[in-house]
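Peer 1: Provided below for reference: sequence and predicted model.
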Amino acid sequence: MFFFPLYYWLFRGESIEDEYEISFVCHRPDDLDTIQDETKFSKKELQFLYRGFKNECPNGVVNEDTFKLVYSHFFPQGDSSMYAHFLFETFDTNKNGCLSFKEFVAGLSLILRGSINDRLSWAFNFYDLDKDGCITKEEMINVVKSIYDMMGRFTYPCMQDDTPREHVENFFQKMDRKHDGVITIEEFIESCQKDENIMQSLRLFDSVF
């Protein structure tokens, strides 16, 4: 639920070895060595990622409209625009309206190579839309609805108008330990760590490369 749509942009059933054998990277950001030092990717992995990024974003950066367009290609059965907006906001750490390769790969490093706490902290930040340090029901409803909208007719069971709210109510029953109507990062991480389904989904990312 937290991360799965990220697969569709850069990982399309190709192994890093196969892709690297086909073509080496002719262009790379000047600070690729610095990015390697600041992330948990090898140089070979960064070259693979950069080639995918340049294929989608030839000028080396992507604005939100382009980001949404890329996502729409992989989810034509639904409307991915709102989910892509939330994801773009989370990756755009300097809030300049453009996503650089460095920002994108820094986020991927947290999701794919970070500790469980790193990944859950990222997920919390994703749901915390106004970045005030807690998740409200409305914030979570907006994100959950964006996921259902993106999956479109492939959601099962078919989404009813109240499905996102019911989904969120179930989450809040588990996570809102203080019963104050908001979820703190401590409540979020503790609850997720006790949920085997969530932990299993996080462990899937350990073998992406």
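Peer 2: In hand now; what should we look at?
Peer 1: which sections of this structure are below the confidence cut-off?
Peer 2: By pLDDT under 70, the low-scoring segments of the chain are 1-30, 153-161, 204-209.
Peer 1: The protein: helices as residue ranges?
Peer 2: Using DSSP state H, the helices of the chain run over 7-10, 16-22, 32-38, 43-56, 64-74, 81-91, 101-113, 116-127, 137-151, 163-175, 185-193, 196-203.
Peer 1: want to throw the ones you listed into TSV with mean neighbour count?
Peer 2: Glycine gets a C-beta too; all of them are placed from N, C-alpha and C. Below are these laid out as TSV (neighbours: other Cβ atoms under 10 Å):
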stretch	mean neighbour count
helix 7-10	16
helix 16-22	12
helix 32-38	14
helix 43-56	18
helix 64-74	16
helix 81-91	19
helix 101-113	20
helix 116-127	18
helix 137-151	19
helix 163-175	16
helix 185-193	17
helix 196-203	13
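Peer 1: Could I get the contacting residues of K43?
Peer 2: Shown in contact with K43 (Cβ atoms under 8 Å, 6 or more residues apart in numbering): L32, D33, Q36.
Peer 1: Let me have these in a markdown table, extended by distance to I141.
Peer 2: Shown next, in a markdown table, are the contacts of K43 (distance: Cβ to Cβ, whole Å):
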| residue | distance to I141 |
| --- | --- |
| L32 | 40 |
| D33 | 43 |
| Q36 | 39 |
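Peer 1: now, which of these sits nearest F88?
Peer 2: Set against F88, the nearest of those by Cβ to Cβ is L32 (22.8 Å).
Peer 1: my guess is the closest one meets F48, correct?
Peer 2: No - at 12.0 Å, L32 does not count as touching F48 under the criterion of Cβ atoms under 8 Å.
Peer 1: Surely I141 and P164 touch.
Peer 2: Yes - in this structure, I141 is within contact of P164 by Cβ under 8 Å, at 5.0 Å.
Peer 1: Could you measure from Q193 over to Q200?
Peer 2: Q193 sits 12 Å away from Q200 when distances are taken as Cβ to Cβ, to the nearest Å.
Peer 1: S72 touches M82, doesn't it?
Peer 2: No - the criterion here is Cβ under 8 Å, and S72 misses it with M82 at 11.5 Å.
Peer 1: distance between stretch 133-144 and the chain's centre?
Peer 2: In terms of Cα atoms, centre = their mean, to the nearest Å, the centre of stretch 133-144 is set 16 Å apart from its chain centre.
Peer 1: swap in stretch 94-103?
Peer 2: The answer for stretch 94-103 is 15 Å, by Cα atoms, centre = their mean.
Peer 1: quick revisit: for I185, state which of the contacts of K43 is nearest.
Peer 2: Q36 (28.9 Å).
Peer 1: got a list of what the closest one touches?
Peer 2: Q36 sits in contact with S42, K43, L46, where contact means Cβ under 8 Å, 6+ apart.
Peer 1: Which single one of these is nearest to S121?
Peer 2: L46 (22.8 Å).
Peer 1: Contacts only, for that closest one.
Peer 2: L46 sits next to R28, L32, I35, Q36, T39, V105 when contact means Cβ under 8 Å, 6+ apart.
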